[in-house]
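Student: whatever this is, show me its structure:
(2 chains)
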Amino acid sequence: MAGGDDLKLLGAWPSPFVVRVKLALSFKGLSFENVEEDLGNKSELLVSSNPVQKKVPVLLHNGKPICESMVIVQYIDEAFAGTGPSLLSSDPHERAVARFWAAYVDDKLVTSWVQSFRGKTEEDKSEGTKQMFAALQTLEGALRECSKGEGYFGGESVGLVDVSLGGLLSWLNATEEMSGTKIFDPVKTPLLAAWAERLRELDGAKLAFPDKDRMVEFIQKRQAQAAAAAAAAASEK
Amino acid sequence: MGGQGDVTVLGTVVSPFALRVRMALYLKGVSYEYLEQNVFDKGELLVASNPVHKKVPVLIHGGKPVCESVAIVQYVDEFWTGAEFPSILPADPYDRAVARFWAAYVDDKLLFPAWIGILRAATEEERDEKLAATLAVVAPMEEAFAACSDGKAFFSGGDSVGYLDLALGCQLFWLEALRSMFGVKVIDAGRTPRLAAWADRFLETKAAKAVAPPPTAWRSTPVSCELSGLLPQLPNKYL
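Tutor: Got it, this is the predicted structure:
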(Lines give C-alpha, C1' and ligand atoms only; values in the text may rest on other atoms or scores of the structure.)
Protein backbone atom coordinates (compact mmCIF):
# COMPACT_ATOMS: atom_id res chain seq x y z
CA MET A 1 0.00 0.00 0.00
CA ALA A 2 1.30 3.47 -0.87
CA GLY A 3 2.77 5.35 2.07
CA GLY A 4 0.68 8.14 3.54
CA ASP A 5 -2.68 6.75 2.42
CA ASP A 6 -5.08 7.60 5.16
CA LEU A 7 -8.38 5.74 4.87
CA LYS A 8 -11.26 6.46 7.22
CA LEU A 9 -14.69 4.86 6.86
CA LEU A 10 -17.69 6.57 8.40
CA GLY A 11 -20.21 3.79 8.87
CA ALA A 12 -22.78 1.97 10.92
CA TRP A 13 -22.12 -1.73 11.53
CA PRO A 14 -25.57 -3.05 10.48
CA SER A 15 -25.70 -1.20 7.16
CA PRO A 16 -25.32 -3.50 4.15
CA PHE A 17 -23.96 -0.53 2.20
CA VAL A 18 -21.23 -0.03 4.77
CA VAL A 19 -20.46 -3.77 4.70
CA ARG A 20 -19.95 -3.50 0.93
CA VAL A 21 -17.20 -0.93 1.45
CA LYS A 22 -15.59 -2.99 4.22
CA LEU A 23 -15.62 -6.02 1.91
CA ALA A 24 -13.92 -4.08 -0.87
CA LEU A 25 -11.27 -2.69 1.49
CA SER A 26 -10.65 -6.10 3.05
CA PHE A 27 -10.47 -7.97 -0.25
CA LYS A 28 -7.94 -5.42 -1.51
CA GLY A 29 -5.94 -5.81 1.71
CA LEU A 30 -6.29 -2.14 2.67
CA SER A 31 -6.26 -1.01 6.29
CA PHE A 32 -8.58 1.71 7.38
CA GLU A 33 -9.90 3.47 10.45
CA ASN A 34 -13.47 2.45 11.18
CA VAL A 35 -15.59 5.26 12.63
CA GLU A 36 -18.91 4.09 14.02
CA GLU A 37 -21.60 6.72 13.51
CA ASP A 38 -24.66 7.14 15.69
CA LEU A 39 -27.23 7.69 12.95
CA GLY A 40 -29.59 9.30 15.43
CA ASN A 41 -26.91 11.87 16.22
CA LYS A 42 -24.74 12.29 13.14
CA SER A 43 -21.24 13.63 13.56
CA GLU A 44 -20.19 16.95 12.08
CA LEU A 45 -17.66 15.07 10.01
CA LEU A 46 -20.38 12.93 8.42
CA VAL A 47 -22.64 15.87 7.71
CA SER A 48 -19.85 17.96 6.24
CA SER A 49 -18.47 15.03 4.21
CA ASN A 50 -21.84 14.07 2.76
CA PRO A 51 -23.91 17.26 2.87
CA VAL A 52 -26.24 16.10 0.08
CA GLN A 53 -27.42 12.82 1.60
CA LYS A 54 -25.97 12.85 5.13
CA LYS A 55 -25.73 9.06 4.90
CA VAL A 56 -23.22 6.33 5.56
CA PRO A 57 -21.00 4.95 4.17
CA VAL A 58 -18.54 7.75 3.49
CA LEU A 59 -14.94 6.93 2.74
CA LEU A 60 -12.38 9.61 3.48
CA HIS A 61 -9.13 9.15 1.58
CA ASN A 62 -6.52 11.59 2.84
CA GLY A 63 -9.44 13.70 4.02
CA LYS A 64 -11.33 13.74 0.70
CA PRO A 65 -14.84 12.25 0.93
CA ILE A 66 -16.35 9.71 -1.44
CA CYS A 67 -20.04 8.82 -1.04
CA GLU A 68 -22.49 6.15 -2.29
CA SER A 69 -21.45 2.55 -1.64
CA MET A 70 -20.94 1.41 -5.24
CA VAL A 71 -19.18 4.67 -6.17
CA ILE A 72 -16.85 4.07 -3.20
CA VAL A 73 -16.23 0.44 -4.20
CA GLN A 74 -15.26 1.43 -7.74
CA TYR A 75 -13.09 4.23 -6.34
CA ILE A 76 -11.24 1.76 -4.12
CA ASP A 77 -10.65 -0.51 -7.10
CA GLU A 78 -9.35 2.35 -9.26
CA ALA A 79 -7.36 4.38 -6.73
CA PHE A 80 -5.66 1.22 -5.45
CA ALA A 81 -5.35 -0.53 -8.79
CA GLY A 82 -1.93 -1.90 -7.94
CA THR A 83 -2.97 -3.30 -4.56
CA GLY A 84 -4.60 -6.67 -4.11
CA PRO A 85 -6.95 -8.25 -6.68
CA SER A 86 -8.97 -6.18 -9.17
CA LEU A 87 -12.68 -6.11 -8.53
CA LEU A 88 -13.41 -5.61 -12.21
CA SER A 89 -12.10 -7.47 -15.24
CA SER A 90 -9.97 -5.57 -17.72
CA ASP A 91 -12.32 -6.57 -20.55
CA PRO A 92 -14.86 -3.80 -21.33
CA HIS A 93 -17.73 -6.22 -22.03
CA GLU A 94 -17.18 -8.17 -18.80
CA ARG A 95 -17.01 -4.88 -16.91
CA ALA A 96 -20.32 -3.82 -18.45
CA VAL A 97 -21.93 -7.12 -17.46
CA ALA A 98 -20.68 -6.70 -13.88
CA ARG A 99 -22.03 -3.14 -13.72
CA PHE A 100 -25.35 -4.37 -15.12
CA TRP A 101 -25.74 -6.96 -12.37
CA ALA A 102 -24.52 -4.58 -9.65
CA ALA A 103 -27.28 -2.17 -10.78
CA TYR A 104 -29.75 -5.07 -10.74
CA VAL A 105 -28.90 -5.92 -7.13
CA ASP A 106 -29.69 -2.33 -6.11
CA ASP A 107 -32.73 -1.79 -8.34
CA LYS A 108 -34.45 -5.12 -7.88
CA LEU A 109 -33.11 -7.03 -4.91
CA VAL A 110 -32.50 -4.22 -2.40
CA THR A 111 -35.77 -2.49 -3.34
CA SER A 112 -37.88 -5.63 -2.92
CA TRP A 113 -36.09 -6.69 0.26
CA VAL A 114 -36.69 -3.23 1.79
CA GLN A 115 -40.35 -3.53 0.83
CA SER A 116 -40.58 -6.96 2.49
CA PHE A 117 -39.40 -5.33 5.73
CA ARG A 118 -40.90 -1.87 5.61
CA GLY A 119 -44.01 -2.39 3.49
CA LYS A 120 -46.93 -0.47 4.94
CA THR A 121 -49.32 -3.39 4.80
CA GLU A 122 -48.91 -7.15 5.09
CA GLU A 123 -49.84 -7.30 1.42
CA ASP A 124 -47.04 -4.85 0.50
CA LYS A 125 -44.56 -6.87 2.52
CA SER A 126 -45.48 -10.19 0.99
CA GLU A 127 -45.31 -8.64 -2.50
CA GLY A 128 -41.81 -7.47 -1.58
CA THR A 129 -40.87 -10.99 -0.48
CA LYS A 130 -42.23 -12.47 -3.68
CA GLN A 131 -40.24 -10.03 -5.81
CA MET A 132 -37.14 -10.65 -3.74
CA PHE A 133 -37.30 -14.39 -4.46
CA ALA A 134 -37.87 -13.68 -8.16
CA ALA A 135 -34.80 -11.43 -8.16
CA LEU A 136 -32.75 -14.16 -6.48
CA GLN A 137 -33.84 -16.61 -9.16
CA THR A 138 -32.58 -14.18 -11.80
CA LEU A 139 -29.31 -13.72 -9.90
CA GLU A 140 -28.88 -17.51 -9.88
CA GLY A 141 -28.77 -17.32 -13.68
CA ALA A 142 -26.42 -14.34 -13.50
CA LEU A 143 -24.04 -16.27 -11.26
CA ARG A 144 -24.03 -19.20 -13.65
CA GLU A 145 -23.24 -16.87 -16.56
CA CYS A 146 -20.64 -14.71 -14.80
CA SER A 147 -18.78 -17.33 -12.78
CA LYS A 148 -17.95 -19.44 -15.86
CA GLY A 149 -17.72 -22.50 -13.65
CA GLU A 150 -15.69 -20.74 -10.96
CA GLY A 151 -16.89 -19.73 -7.51
CA TYR A 152 -17.76 -16.05 -7.75
CA PHE A 153 -19.60 -13.50 -9.88
CA GLY A 154 -16.10 -12.18 -10.52
CA GLY A 155 -14.98 -15.61 -11.75
CA GLU A 156 -12.05 -17.11 -9.85
CA SER A 157 -11.95 -14.28 -7.37
CA VAL A 158 -14.44 -11.82 -5.92
CA GLY A 159 -15.60 -8.91 -8.00
CA LEU A 160 -17.98 -5.98 -8.05
CA VAL A 161 -21.17 -8.05 -7.93
CA ASP A 162 -19.87 -10.31 -5.13
CA VAL A 163 -19.26 -7.15 -3.10
CA SER A 164 -22.62 -5.63 -4.02
CA LEU A 165 -24.63 -8.73 -3.10
CA GLY A 166 -22.26 -9.73 -0.31
CA GLY A 167 -23.10 -6.56 1.60
CA LEU A 168 -26.65 -7.84 2.03
CA LEU A 169 -25.74 -11.32 3.20
CA SER A 170 -25.78 -10.68 6.93
CA TRP A 171 -29.26 -9.16 6.82
CA LEU A 172 -30.53 -11.94 4.61
CA ASN A 173 -29.00 -14.63 6.84
CA ALA A 174 -30.44 -13.02 9.97
CA THR A 175 -33.85 -12.86 8.27
CA GLU A 176 -33.55 -16.54 7.40
CA GLU A 177 -32.87 -17.37 11.01
CA MET A 178 -35.77 -15.28 12.27
CA SER A 179 -38.37 -16.45 9.76
CA GLY A 180 -37.24 -20.04 9.44
CA THR A 181 -37.48 -19.70 5.64
CA LYS A 182 -34.37 -20.21 3.57
CA ILE A 183 -33.56 -17.25 1.37
CA PHE A 184 -30.53 -18.87 -0.26
CA ASP A 185 -32.34 -22.14 -0.81
CA PRO A 186 -29.99 -24.90 -1.99
CA VAL A 187 -32.85 -26.46 -3.95
CA LYS A 188 -34.15 -23.34 -5.71
CA THR A 189 -30.89 -21.43 -6.05
CA PRO A 190 -28.08 -23.96 -5.56
CA LEU A 191 -25.31 -21.82 -7.02
CA LEU A 192 -26.22 -18.83 -4.86
CA ALA A 193 -26.49 -20.99 -1.75
CA ALA A 194 -23.01 -22.38 -2.37
CA TRP A 195 -21.72 -18.90 -3.19
CA ALA A 196 -23.06 -17.52 0.10
CA GLU A 197 -21.27 -20.26 2.06
CA ARG A 198 -18.07 -19.70 0.13
CA LEU A 199 -18.12 -15.93 0.60
CA ARG A 200 -18.71 -16.18 4.34
CA GLU A 201 -15.56 -18.28 4.71
CA LEU A 202 -13.29 -15.67 3.18
CA ASP A 203 -11.05 -13.75 5.59
CA GLY A 204 -12.19 -10.46 4.09
CA ALA A 205 -15.82 -11.37 4.71
CA LYS A 206 -15.16 -12.41 8.30
CA LEU A 207 -13.68 -8.97 8.92
CA ALA A 208 -16.56 -7.12 7.29
CA PHE A 209 -19.66 -9.08 8.28
CA PRO A 210 -21.48 -8.25 11.49
CA ASP A 211 -21.94 -11.09 13.94
CA LYS A 212 -25.13 -13.01 13.13
CA ASP A 213 -26.62 -13.00 16.62
CA ARG A 214 -25.95 -9.30 16.95
CA MET A 215 -27.69 -8.80 13.58
CA VAL A 216 -30.75 -10.81 14.68
CA GLU A 217 -30.98 -8.82 17.89
CA PHE A 218 -30.72 -5.56 15.94
CA ILE A 219 -33.46 -6.53 13.49
CA GLN A 220 -35.77 -7.72 16.25
CA LYS A 221 -35.32 -4.45 18.07
CA ARG A 222 -36.04 -2.49 14.86
CA GLN A 223 -39.17 -4.52 14.19
CA ALA A 224 -40.39 -4.00 17.75
CA GLN A 225 -39.85 -0.25 17.38
CA ALA A 226 -41.73 -0.21 14.07
CA ALA A 227 -44.60 -2.22 15.56
CA ALA A 228 -44.80 0.11 18.56
CA ALA A 229 -44.81 3.15 16.29
CA ALA A 230 -47.56 1.64 14.14
CA ALA A 231 -49.63 0.77 17.21
CA ALA A 232 -49.22 4.29 18.58
CA ALA A 233 -50.23 5.80 15.23
CA ALA A 234 -53.27 3.51 15.03
CA SER A 235 -54.44 4.37 18.53
CA GLU A 236 -54.16 8.08 17.78
CA LYS A 237 -56.71 7.90 14.97
CA MET B 1 -10.59 -6.27 -33.04
CA GLY B 2 -13.43 -8.14 -34.65
CA GLY B 3 -16.82 -6.52 -35.08
CA GLN B 4 -15.59 -3.01 -34.39
CA GLY B 5 -17.74 -1.53 -37.12
CA ASP B 6 -20.83 -3.43 -36.04
CA VAL B 7 -22.71 -1.24 -33.55
CA THR B 8 -26.48 -1.08 -33.12
CA VAL B 9 -28.48 0.97 -30.64
CA LEU B 10 -32.01 0.07 -29.62
CA GLY B 11 -33.77 3.14 -28.26
CA THR B 12 -36.75 5.40 -28.37
CA VAL B 13 -36.55 8.96 -29.65
CA VAL B 14 -37.56 10.48 -26.29
CA SER B 15 -35.85 8.14 -23.79
CA PRO B 16 -33.19 10.19 -21.97
CA PHE B 17 -31.21 6.99 -21.31
CA ALA B 18 -31.11 6.19 -25.02
CA LEU B 19 -30.20 9.82 -25.78
CA ARG B 20 -27.36 9.56 -23.27
CA VAL B 21 -25.92 6.51 -25.05
CA ARG B 22 -26.28 8.09 -28.49
CA MET B 23 -24.52 11.25 -27.33
CA ALA B 24 -21.68 9.14 -25.93
CA LEU B 25 -21.26 7.39 -29.28
CA TYR B 26 -21.38 10.74 -31.06
CA LEU B 27 -18.59 12.08 -28.83
CA LYS B 28 -16.44 9.09 -29.72
CA GLY B 29 -17.18 9.47 -33.42
CA VAL B 30 -18.57 5.94 -33.56
CA SER B 31 -21.17 5.24 -36.22
CA TYR B 32 -24.01 2.93 -35.42
CA GLU B 33 -27.29 1.65 -36.71
CA TYR B 34 -30.17 3.13 -34.75
CA LEU B 35 -33.34 1.06 -34.37
CA GLU B 36 -36.34 2.89 -32.93
CA GLN B 37 -38.30 0.59 -30.64
CA ASN B 38 -42.01 0.35 -29.98
CA VAL B 39 -42.22 -0.17 -26.24
CA PHE B 40 -45.87 -1.27 -26.51
CA ASP B 41 -45.06 -4.01 -28.98
CA LYS B 42 -41.55 -5.09 -28.14
CA GLY B 43 -39.56 -6.55 -30.98
CA GLU B 44 -37.74 -9.85 -30.86
CA LEU B 45 -34.34 -8.19 -30.96
CA LEU B 46 -35.07 -6.06 -27.88
CA VAL B 47 -36.44 -9.00 -25.90
CA ALA B 48 -33.54 -11.23 -26.92
CA SER B 49 -30.91 -8.56 -26.17
CA ASN B 50 -32.33 -7.45 -22.83
CA PRO B 51 -34.27 -10.45 -21.52
CA VAL B 52 -33.99 -9.29 -17.89
CA HIS B 53 -35.62 -5.86 -18.31
CA LYS B 54 -36.81 -5.72 -21.94
CA LYS B 55 -36.03 -2.01 -21.93
CA VAL B 56 -34.13 0.55 -23.94
CA PRO B 57 -31.40 1.49 -24.36
CA VAL B 58 -29.46 -1.54 -25.53
CA LEU B 59 -26.12 -1.33 -27.31
CA ILE B 60 -25.26 -4.32 -29.46
CA HIS B 61 -21.59 -4.48 -30.40
CA GLY B 62 -20.20 -7.30 -32.47
CA GLY B 63 -23.38 -9.22 -31.67
CA LYS B 64 -22.97 -8.84 -27.88
CA PRO B 65 -25.59 -6.78 -26.02
CA VAL B 66 -24.81 -4.24 -23.30
CA CYS B 67 -27.71 -2.99 -21.16
CA GLU B 68 -28.29 -0.23 -18.56
CA SER B 69 -27.25 3.23 -19.72
CA VAL B 70 -24.66 3.68 -16.93
CA ALA B 71 -22.96 0.42 -17.95
CA ILE B 72 -23.27 1.26 -21.67
CA VAL B 73 -21.75 4.75 -21.40
CA GLN B 74 -18.76 3.39 -19.46
CA TYR B 75 -18.42 0.55 -21.96
CA VAL B 76 -18.33 3.05 -24.82
CA ASP B 77 -15.73 5.07 -22.91
CA GLU B 78 -13.59 2.02 -22.16
CA PHE B 79 -13.78 0.28 -25.53
CA TRP B 80 -13.14 3.34 -27.72
CA THR B 81 -10.19 4.52 -25.72
CA GLY B 82 -6.81 5.92 -26.65
CA ALA B 83 -5.28 9.09 -28.00
CA GLU B 84 -7.67 9.40 -30.91
CA PHE B 85 -10.84 9.36 -28.78
CA PRO B 86 -12.03 12.01 -26.30
CA SER B 87 -12.58 10.63 -22.79
CA ILE B 88 -16.02 10.66 -21.24
CA LEU B 89 -15.00 9.94 -17.65
CA PRO B 90 -12.00 11.86 -16.30
CA ALA B 91 -8.72 10.04 -15.69
CA ASP B 92 -8.33 10.77 -11.98
CA PRO B 93 -10.08 8.24 -9.69
CA TYR B 94 -11.36 10.95 -7.33
CA ASP B 95 -12.81 13.03 -10.18
CA ARG B 96 -14.41 9.84 -11.54
CA ALA B 97 -15.99 9.17 -8.15
CA VAL B 98 -17.42 12.70 -8.00
CA ALA B 99 -18.84 12.38 -11.52
CA ARG B 100 -20.37 8.98 -10.72
CA PHE B 101 -21.82 10.26 -7.44
CA TRP B 102 -23.67 13.14 -9.10
CA ALA B 103 -24.76 11.03 -12.07
CA ALA B 104 -26.27 8.49 -9.64
CA TYR B 105 -27.92 11.37 -7.78
CA VAL B 106 -29.49 12.69 -11.00
CA ASP B 107 -30.71 9.22 -11.99
CA ASP B 108 -32.13 8.44 -8.54
CA LYS B 109 -33.64 11.76 -7.56
CA LEU B 110 -34.39 13.99 -10.54
CA LEU B 111 -36.45 11.66 -12.66
CA PHE B 112 -39.06 10.73 -10.12
CA PRO B 113 -40.38 14.08 -8.89
CA ALA B 114 -39.79 15.77 -12.24
CA TRP B 115 -41.27 13.42 -14.73
CA ILE B 116 -43.66 11.25 -12.90
CA GLY B 117 -44.60 13.81 -10.28
CA ILE B 118 -45.16 16.81 -12.50
CA LEU B 119 -46.55 14.84 -15.42
CA ARG B 120 -48.99 12.82 -13.34
CA ALA B 121 -50.13 15.61 -11.03
CA ALA B 122 -53.92 15.64 -10.96
CA THR B 123 -54.24 19.20 -9.70
CA GLU B 124 -52.39 22.50 -10.01
CA GLU B 125 -51.63 22.22 -6.30
CA GLU B 126 -50.10 18.79 -6.64
CA ARG B 127 -48.04 19.95 -9.61
CA ASP B 128 -46.70 22.88 -7.58
CA GLU B 129 -45.79 20.46 -4.81
CA LYS B 130 -43.95 18.15 -7.23
CA LEU B 131 -42.22 21.12 -8.82
CA ALA B 132 -41.04 22.27 -5.39
CA ALA B 133 -39.67 18.77 -4.72
CA THR B 134 -37.88 18.80 -8.09
CA LEU B 135 -36.38 22.22 -7.44
CA ALA B 136 -35.07 20.98 -4.09
CA VAL B 137 -33.34 18.12 -5.90
CA VAL B 138 -31.81 20.44 -8.50
CA ALA B 139 -30.55 23.05 -6.01
CA PRO B 140 -27.35 21.24 -4.86
CA MET B 141 -26.29 20.84 -8.46
CA GLU B 142 -25.64 24.56 -8.77
CA GLU B 143 -22.85 24.19 -6.19
CA ALA B 144 -21.75 20.90 -7.76
CA PHE B 145 -21.37 22.66 -11.09
CA ALA B 146 -19.16 25.34 -9.56
CA ALA B 147 -16.99 22.67 -7.93
CA CYS B 148 -16.75 20.31 -10.92
CA SER B 149 -16.45 22.81 -13.77
CA ASP B 150 -13.49 24.60 -12.22
CA GLY B 151 -14.32 27.75 -14.16
CA LYS B 152 -14.80 25.91 -17.44
CA ALA B 153 -17.92 25.42 -19.56
CA PHE B 154 -18.98 21.94 -18.48
CA PHE B 155 -19.16 19.59 -15.46
CA SER B 156 -16.23 17.77 -17.05
CA GLY B 157 -13.98 20.63 -16.00
CA GLY B 158 -13.17 21.26 -19.63
CA ASP B 159 -14.53 22.81 -22.77
CA SER B 160 -16.26 19.68 -23.96
CA VAL B 161 -18.86 17.49 -22.31
CA GLY B 162 -18.16 14.53 -20.08
CA TYR B 163 -19.90 11.85 -18.03
CA LEU B 164 -21.88 14.08 -15.70
CA ASP B 165 -22.80 16.50 -18.50
CA LEU B 166 -24.33 13.54 -20.33
CA ALA B 167 -26.08 12.26 -17.21
CA LEU B 168 -27.87 15.52 -16.52
CA GLY B 169 -27.89 16.78 -20.09
CA CYS B 170 -29.94 13.87 -21.40
CA GLN B 171 -32.76 14.96 -19.08
CA LEU B 172 -32.87 18.51 -20.53
CA PHE B 173 -34.99 17.56 -23.51
CA TRP B 174 -37.82 16.32 -21.29
CA LEU B 175 -37.43 19.23 -18.90
CA GLU B 176 -37.96 21.48 -21.92
CA ALA B 177 -41.08 19.48 -22.80
CA LEU B 178 -42.41 19.97 -19.27
CA ARG B 179 -41.81 23.68 -19.66
CA SER B 180 -43.76 23.86 -22.89
CA MET B 181 -46.59 21.68 -21.52
CA PHE B 182 -47.01 23.17 -18.06
CA GLY B 183 -44.91 26.33 -17.97
CA VAL B 184 -42.71 24.81 -15.23
CA LYS B 185 -39.06 25.79 -15.19
CA VAL B 186 -36.95 23.23 -13.40
CA ILE B 187 -33.57 24.73 -14.30
CA ASP B 188 -34.17 28.43 -14.01
CA ALA B 189 -31.69 31.29 -14.38
CA GLY B 190 -33.27 33.06 -11.41
CA ARG B 191 -32.67 30.16 -9.01
CA THR B 192 -29.66 28.31 -10.43
CA PRO B 193 -27.92 30.72 -12.84
CA ARG B 194 -24.77 28.65 -13.45
CA LEU B 195 -26.79 25.52 -14.12
CA ALA B 196 -29.13 27.42 -16.45
CA ALA B 197 -26.17 28.77 -18.42
CA TRP B 198 -24.68 25.27 -18.58
CA ALA B 199 -28.00 23.89 -19.84
CA ASP B 200 -28.09 26.42 -22.68
CA ARG B 201 -24.48 25.59 -23.61
CA PHE B 202 -25.18 21.85 -23.44
CA LEU B 203 -28.16 22.05 -25.78
CA GLU B 204 -25.98 23.98 -28.27
CA THR B 205 -23.34 21.23 -28.45
CA LYS B 206 -23.11 19.10 -31.58
CA ALA B 207 -23.72 15.94 -29.53
CA ALA B 208 -26.98 17.31 -28.11
CA LYS B 209 -28.13 18.63 -31.47
CA ALA B 210 -27.35 15.33 -33.13
CA VAL B 211 -29.85 13.45 -30.94
CA ALA B 212 -32.38 16.09 -29.84
CA PRO B 213 -35.92 14.74 -30.31
CA PRO B 214 -37.88 16.78 -32.85
CA PRO B 215 -40.53 19.12 -31.39
CA THR B 216 -43.17 16.85 -32.91
CA ALA B 217 -42.05 14.09 -30.55
CA TRP B 218 -44.01 15.71 -27.74
CA ARG B 219 -45.60 19.00 -28.71
CA SER B 220 -48.22 17.56 -30.97
CA THR B 221 -49.27 14.61 -28.83
CA PRO B 222 -51.70 14.80 -25.92
CA VAL B 223 -50.33 14.48 -22.40
CA SER B 224 -51.94 11.10 -21.81
CA CYS B 225 -50.17 9.59 -24.80
CA GLU B 226 -46.86 11.03 -23.66
CA LEU B 227 -47.43 9.68 -20.20
CA SER B 228 -48.22 6.21 -21.45
CA GLY B 229 -45.30 6.42 -23.84
CA LEU B 230 -43.00 7.38 -21.00
CA LEU B 231 -43.96 4.80 -18.41
CA PRO B 232 -42.63 1.63 -20.07
CA GLN B 233 -39.23 3.25 -20.39
CA LEU B 234 -38.77 4.09 -16.75
CA PRO B 235 -36.14 2.34 -14.68
CA ASN B 236 -37.61 -0.55 -12.76
CA LYS B 237 -37.31 1.05 -9.35
CA TYR B 238 -40.03 3.58 -10.22
CA LEU B 239 -42.61 1.02 -11.23
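Student: so how far is B:Glu33 from the spatially closest residue to A:Ser112 that is not a sequence neighbour?
Tutor: Leaving out its chain neighbours, the residue that sits closest to A:Ser112 by CB to CB, 6 or more residues apart in numbering or on different chains is A:Gln131, at 3.7 Å. Yep, even glycine has a C-beta here, placed from its N, CA and C like the rest. The gap separating A:Gln131 from B:Glu33 is 35 Å, by CB to CB, to the nearest Å.
Student: buried set for the lengthiest helix in chain B?
Tutor: Criterion DSSP state H: the longest helix present in chain B is helix B:124-149. Within helix B:124-149, the residues that count as buried by 16 or more other CB atoms under 10 Å in any protein chain shown are B:127, B:130-131, B:133-135, B:137-138, B:140-142, B:144-145, B:148-149.
Student: just these now: which is nearest chain A?
Tutor: When the buried residues of helix B:124-149 are ranked by distance to chain A (CB to the nearest CB), B:Pro140 comes first, at 5.3 Å.
Student: residues contacting the closest one?
Tutor: By CB atoms under 8 Å, 6 or more residues apart in numbering or on different chains, the contact list for B:Pro140 reads A:Pro51, A:Val52, B:Tyr105.
Student: which elements pack onto the helix or strand where the last one lies?
Tutor: Taking DSSP states H and E as the definition, one finds B:Tyr105 inside helix B:93-105. Packed against helix B:93-105, as judged by 3 or more CB pairs under 8 Å, 6 or more residues apart in numbering or on different chains; DSSP states H and E, are the following elements: strand A:64-67, helix A:69-79, helix B:124-149, helix B:163-169.
Student: worst average pLDDT in those?
Tutor: Mean pLDDT per stretch puts helix B:124-149 lowest among the helices and strands packed on helix B:93-105, at a mean of 93.
Student: just want the angle from that one to helix B:93-105.
Tutor: 170 degrees (axes from the mean of the first three to the mean of the last three CA atoms, to 10 degrees).
Student: tell me how far the residue nearest to the spatial centre of chain B lies from chain A.
Tutor: What sits nearest the mean C-alpha location of chain B, by CA atoms, centre = their mean, is B:Cys170, with 2.8 Å. Here B:Cys170 is placed at a distance of 17 Å from chain A (CB to the nearest CB, to the nearest Å).
Student: test my guess that A:Arg20 contacts A:Leu165.
Tutor: No - A:Arg20 is beyond contact range of A:Leu165, at 9.0 Å (criterion: CB atoms under 8 Å).
Student: quick one: the helices in chain B?
Tutor: B:16-28, B:44-49, B:69-79, B:93-105, B:111, B:119-120, B:124-149, B:163-169, B:172-182, B:193-204, B:206-211, B:223-230.
Student: which of these sits closest to A:Leu192?
Tutor: Closest approach to A:Leu192 among the helices of chain B is made by helix B:69-79 (21.7 Å; CB to CB).
Student: interface residues of chain B facing chain A?
Tutor: Applying CB under 8 Å from any CB of the partner chain, we find that chain B lies next to chain A at B:52, B:61, B:64, B:66-68, B:70-72, B:74-75, B:78-79, B:93-94, B:96-97, B:100-101, B:104-105, B:140, B:235-237.
Student: let's go with 6 Å and repeat that
Tutor: B:64, B:66-68, B:71, B:75, B:78-79, B:93, B:97, B:100-101, B:104, B:140, B:236-237 (CB under 6 Å from any CB of the partner chain).
Student: got any ranges where chain B has weak pLDDT?
Tutor: Low-confidence segments of chain B, defined by pLDDT under 70: B:1-5, B:218-239.
Student: rerun at 50
Tutor: Applying pLDDT under 50 to chain B flags the ranges B:1-4, B:220-224, B:232, B:235-239.
Student: which residue, other than its chain neighbours, is closest to residue 205?
Tutor: By default, I'm working from chain A. Using CB to CB, 6+ apart, the nearest residue to A:Ala205 is A:Leu199, at 5.3 Å.
Student: please refer instead to chain B.
Tutor: Closest residue to B:Thr205 apart from its sequence neighbours, by CB to CB, 6+ apart: B:Val161 at 6.0 Å.
Student: would you list every one of the strands in chain A?
Tutor: Here chain A has its strands, by DSSP state E, at A:7-11, A:33-36, A:58-61, A:64-67.
Student: the nearest residue to A:Val105 once chain neighbours are set aside: how many residues sit nearby?
Tutor: What sits nearest to A:Val105 in space, not counting adjacent residues and going by CB to CB, 6+ apart, is A:Ser164, at 4.6 Å. Using other CB atoms under 10 Å in any protein chain shown, A:Ser164 has 29 other residues around it.
Student: and the pLDDT at A:Ser164?
Tutor: 98.
Student: can you check A:Ser49 too?
Tutor: With respect to pLDDT, A:Ser49 has a value of 97.
Student: about what we covered before: and the angle for the longest helix of chain B with helix B:172-182?
Tutor: Using the same axes, to 10 degrees, helix B:124-149 lies at 150 degrees relative to helix B:172-182.
Student: the residues of chain B next to chain A: which two are farthest apart?
Tutor: B:Lys64 and B:Pro140 (37.5 Å).
Student: separation between A:Trp195 and B:Asp92?
Tutor: A:Trp195 is 34 Å from B:Asp92, by CB to CB.
Student: neighbour count winner among those two?
Tutor: A:Trp195 (23 against 12).
Student: OK, contacts around the more buried one?
Tutor: Shown in contact with A:Trp195 (CB atoms under 6 Å, 6 or more residues apart in numbering or on different chains): no residues.
Student: of the contacts of B:Pro140, which is the most crowded?
Tutor: B:Tyr105 (22 neighbours).
Student: excluding its backbone neighbours, what's nearest it?
Tutor: Nearest non-adjacent residue to B:Tyr105 (CB to CB, 6+ apart): A:Val52, at 6.8 Å.
Student: show me what from chain A comes close to chain B.
Tutor: A:52, A:66-68, A:71, A:75, A:78-79, A:92-93, A:96, A:99-100, A:103, A:107, A:111.
Student: still on that earlier bit, so which of the strands of chain A is the most packed in?
Tutor: Comparing the strands of chain A by mean neighbour count (mean count of other CB atoms under 10 Å in any protein chain shown), strand A:58-61 ranks first with a mean of 23.
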